[in-house]
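# Using only what follows, build the 3D model:
(chains A and B)
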Amino acid sequence: MRITCPTCGSRDLHEFHVLGEAEQARPRLSGDFDSAAARAAFTDYVYARRNPAGPHDEYWYHGPCDTWLVVRRDTRSHEVHDVRAARGGDRP
Amino acid sequence: MGFSGFALLKEALNGQRGWTEHWRKAAPKPAYDVVIVGGGGHGLATAHYLASRYGITNVAVLEKGWIGGGNAGRNTTIIRSNYLLDGNIPFYELSMKLWEGLEQDINFNAMVSQRSVLNLYHSDGQRDAYARRGNAMALHGVDAEMLDREAVRARVPYLDFDNARFPVKGGLLHRRGGTARHDGVVWGYARAADRRGVDIVENCEVTGFLREGGAVVGVETTRGTIRARTVGMAVAGSSSLLAAKADLRLPMESHVLQAFVSEGIKPLVDGVVTFGAGHFYISQSDKGGLVFGGDLDPFPSYAQRGGLPVFEDVAECALAMMPMLSRLRILRSWGGIMDMSLDGSPIIDHTPVEGLKINSGWCYGGFKATPASGLCFAHLLATGELHSAASAYRLDRFARGALIDEKGVGPTPNLH
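Residues are numbered from 1 along each chain as shown, chains lettered A, B, ... in the order given. Purely as a prediction, here's the structure:
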């Protein structure tokens, strides 16, 4: 499997580390972080996964250029459809 | 017909013409008391214990492929109960005890072979960690012995004891661990359940749940609608996909785990040996092939085949532990889809959806857990109560912070 880093081009899997599902944004909460709603939102964020068989957005880290990526990859064929640099808004 | 010495002798004289098929090719009926989705080891064991221990025989096991074609045929056949945490040890020890009596229980030769499991340690810190594990096991009545370097050498003299980076300093020996015949286990459970009247329906994929007032009251399948008082799912790596049909999101990622077998050689590896400085485990099958494996492929996958980087890592571990393996040729590799839970431990519980129970999250531990998983899931399906040996395997433990994280790596499924 190779991944095309937006900065470095097509590179071997060895250079990358996978973090996991990039489909949920970190809950944006103000106020009581210990409320039932906040607990439920963070439990969901940390532990629940869609885990689909098919296209899947994932966070990958490219070591040589120190960049977090969002990779859209098919979990059935391992085919990479799209790679973009992660933005502040979708930081894990 | 039953298996016995007398039956073998009779069939030897009879030209082997009297054997019958192990289970009927059942067609689904419109309704059952219990429908179990997934005809793997866990689903079939569940059906067997439902019928034999709880007297519930109006049961169907629905399998989308054929019996023995999923993870039951894609593992390294190791059985053991050398766990560390309170939530795990009683469960896996129950499983070991069931393995010990399995063949008499199901009247089938599952080739359970308690040839021992030896975990090697390579540093003083690791020795202390293994001593702690051994003590935890002993406190729960599980056999555990610390071996020093010379005792390890006497058992497995072919290791690279003086490896510059990973010298072998000793090991934790679990004598009652070993291996079993993976296909024999599913065939045996299928046959035993069938003989008590359970319908084993192959080539029957569940495509959705039948809902009434929010509750699950049956399943839609490729072979028609089947109603059930209770539905239990035991579908391993497909758990998230099936749960999504009931609008549930699970604490689960699916990953491929590879395993490898070499060409057949004369008897060499007498038990199961695991490398402590990396992730590598090896045993020898009765046919002579060395069977071994290592880490998961790190990214989520539903492809039942793995990549070369993991094989490279496995090969490096193998040669660091047993340099003689460099001369060996690999015959086959295979991959199974693991239901990696977010804390590395399983779930046997109710779901938030009435009428649907879940058995999932087996990670690497699925094969060895087969008997206890079946018994505890059968207990839940029959009584609606949690079995005492599986009382920690709750679905809500993630929300409560009551994780059972044997490896201590947190919510990173690819590291468990």
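
# helix or strand for the residue in the stretch 151-300 of chain B positioned nearest to chain A, which one?
Among the residues of the stretch 151-300 of chain B, residue B:240 lies nearest to chain A; the distance is 3.6 Å by Cβ to the nearest Cβ. Where you see a C-beta, it was placed from the backbone N, CA and C, and this is true even at glycine. Secondary-structure assignment from DSSP states H and E places residue B:240 in helix B:239-244.

# what's that helix packed up against?
Where contact means 3 or more Cβ pairs under 8 Å, 6 or more residues apart in numbering or on different chains; DSSP states H and E, helix B:239-244 is packed against strand B:224-233, strand B:252-264, strand B:356-360.

# ok, residue B:382 touching residue B:50?
Yes: counting by Cβ atoms under 8 Å, residue B:382 touches residue B:50, with 6.0 Å between them.

# what's the overlap in contacts for the two?
The contact sets of residue B:382 and residue B:50 overlap at B:34, B:56 (Cβ atoms under 8 Å, 6 or more residues apart in numbering or on different chains).

# between the two, which one's more packed in?
A side-by-side neighbour count of residue B:382 and residue B:50, using other Cβ atoms under 10 Å in any protein chain shown, places residue B:50 first with 29 against 18.

# which residues sit in contact with the more buried one?
Residue B:50 touches B:34, B:56, B:57, B:59, B:198, B:378, B:381, B:382, counting by Cβ under 8 Å, 6+ apart.

# out of those residues, which one sits closest to residue A:46?
Of all those, residue B:381 has the smallest distance to residue A:46: 29.8 Å, by Cβ to Cβ.

# Test my guess that that closest one contacts residue B:46.
Yes: between residue B:381 and residue B:46 there is a contact under Cβ under 8 Å: 7.0 Å.

# can you list residues touching both of those two?
Listed as contacting both residue B:381 and residue B:46 by Cβ under 8 Å, 6+ apart are B:36, B:232.

# neighbours around the closest residue to the residue of the stretch 151-300 of chain B closest to chain A other than its chain neighbours, how many?
Of all residues not flanking residue B:240 in the chain, residue A:51 sits nearest, at 3.6 Å (Cβ to Cβ, 6 or more residues apart in numbering or on different chains). The number of residues packed near residue A:51 is 29, by other Cβ under 10 Å.

# list the contacts for residue A:51?
Counting by Cβ under 8 Å, 6+ apart, residue A:51 has contacts A:21, B:240, B:241, B:250, B:252, B:253, B:254, B:300.

# which bits of the stretch 151-300 of chain B sit near chain A?
Contact residues, the stretch 151-300 of chain B versus chain A (Cβ under 8 Å from any Cβ of the partner chain): B:240, B:241, B:244, B:249, B:250, B:251, B:252, B:253, B:254, B:298, B:299, B:300.

# before we move on, the earlier item: just say helix, strand or coil for the residue nearest to residue B:240.
For residue A:51, the assignment made with DSSP: H, G, I helix; E, B strand; the rest coil gives coil.

# picking up where we left off before, can you count the residues close to the residue of the stretch 151-300 of chain B closest to chain A?
25.

# Identify the residues contacting it.
So residue B:240 contacts A:49, A:50, A:51, A:52, B:249, B:250, B:252, B:253, B:254, B:339 (Cβ under 8 Å, 6+ apart).

# could these go into TSV alongside distance to residue B:333 and pLDDT?
Formatted as TSV, those follow (distance: Cβ to Cβ, whole Å; pLDDT from 0 to 100):
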residue	distance to residue B:333	pLDDT
A:49	27	95
A:50	29	96
A:51	24	97
A:52	26	97
B:249	32	96
B:250	28	97
B:252	25	97
B:253	22	97
B:254	19	97
B:339	21	96
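
# Who wins on neighbours among those residues?
Neighbour counts for the contacts of residue B:240 (other Cβ under 10 Å) peak at residue A:51, which has 29 neighbours.

# for it, phi and psi?
Torsion angles at residue A:51 (phi, psi; degrees, to the nearest 10) stand at phi 50, psi 50.

# same deal with residue B:89?
The phi/psi pair for residue B:89 (degrees, to the nearest 10) reads phi -60, psi -50.

# what does residue A:36 give?
Phi and psi for residue A:36, reported as degrees, to the nearest 10, are phi -60, psi -40.

# Could you measure from it over to residue A:43?
10 Å (Cβ to Cβ, to the nearest Å).

# Likewise for residue B:119?
Here residue B:119 is placed at a distance of 34 Å from residue A:43 (Cβ to Cβ).

# Please state the offset of the helix holding residue B:240 from the chain centre?
The gap between where helix B:239-244 is centred and where its chain is centred comes out at 19 Å by Cα atoms, centre = their mean, to the nearest Å.

# what about the helices in the chain?
Answering for chain A, as no chain was given. In chain A, the segments counted as helices under DSSP state H are A:36-47.

# Can you look at chain B instead?
So, for chain B - with DSSP H - the helices run B:5-13, B:41-53, B:89-106, B:124-139, B:149-155, B:182-195, B:239-244, B:308-321, B:366-383, B:397-400.

# contacting residues for residue B:362?
B:42, B:236, B:338, B:339, B:346, B:369, B:373.

# Taking those together, which two end up most distant?
Of all pairs drawn from these, the one with the longest distance (Cβ to Cβ) is B:338 and B:373, at 14.3 Å.

# interface residues of chain A facing chain B?
Checking chain A against chain B by Cβ under 8 Å from any Cβ, the hits are A:1, A:13-14, A:17-18, A:20-21, A:39-40, A:43-44, A:46-53, A:56, A:58, A:73, A:75-78.

# how about 10 Å then?
Proximity of chain A to chain B (Cβ under 10 Å from any Cβ of the partner chain) is limited to residues A:1, A:12-14, A:16-21, A:24, A:39-40, A:42-44, A:46-54, A:56, A:58, A:60, A:71, A:73-78.

# from those residues, which would you call buried?
A:13, A:16, A:18-21, A:24, A:43-44, A:46-49, A:51-53, A:56, A:58, A:60, A:71, A:73-75, A:78 (16 or more other Cβ atoms under 10 Å in any protein chain shown).

# which phi and psi does the closest residue to residue B:51 other than its chain neighbours have?
Nearest residue to residue B:51 in three dimensions, chain neighbours excluded: residue B:196, at 3.7 Å (Cβ to Cβ, 6+ apart). Dihedral pair for residue B:196: phi -100, psi 10, per degrees, to the nearest 10.

# Residue B:407 and residue B:415 touch, don't they?
Yes: under the criterion of Cβ atoms under 10 Å, residue B:407 makes contact with residue B:415 at 6.9 Å.

# what sits in contact with each of the two?
Common contacts of residue B:407 and residue B:415 (Cβ atoms under 10 Å, 6 or more residues apart in numbering or on different chains): residue B:344.

# If we ignore the residues flanking it in sequence, what's nearest residue A:43?
residue B:399 (4.5 Å).

# The one you found against residue A:41, yeah?
No: assessed by Cβ under 10 Å, residue B:399 is found out of contact with residue A:41, at 11.0 Å.

# Find residues that contact each of the two.
Joint contacts of residue B:399 and residue A:41 (Cβ under 10 Å, 6+ apart) do not exist.

# Which single residue of chain A ends up nearest chain B?
Among the residues of chain A, residue A:51 lies closest to chain B, at 3.6 Å counting by Cβ to the nearest Cβ.

# Is stretch B:71-83 in proximity to chain A?
No: judged by Cβ under 10 Å from any Cβ, stretch B:71-83 makes no contact with chain A; its nearest approach is 15.6 Å.

# can you give me the end-to-end distance of that stretch?
Stretch B:71-83 has its terminal residues 22 Å apart, counting by Cα to Cα, to the nearest Å.

# now stretch B:139-147
18 Å.

# cool, and stretch B:265-275?
OK, stretch B:265-275 end separation, Cα to Cα: 21 Å.
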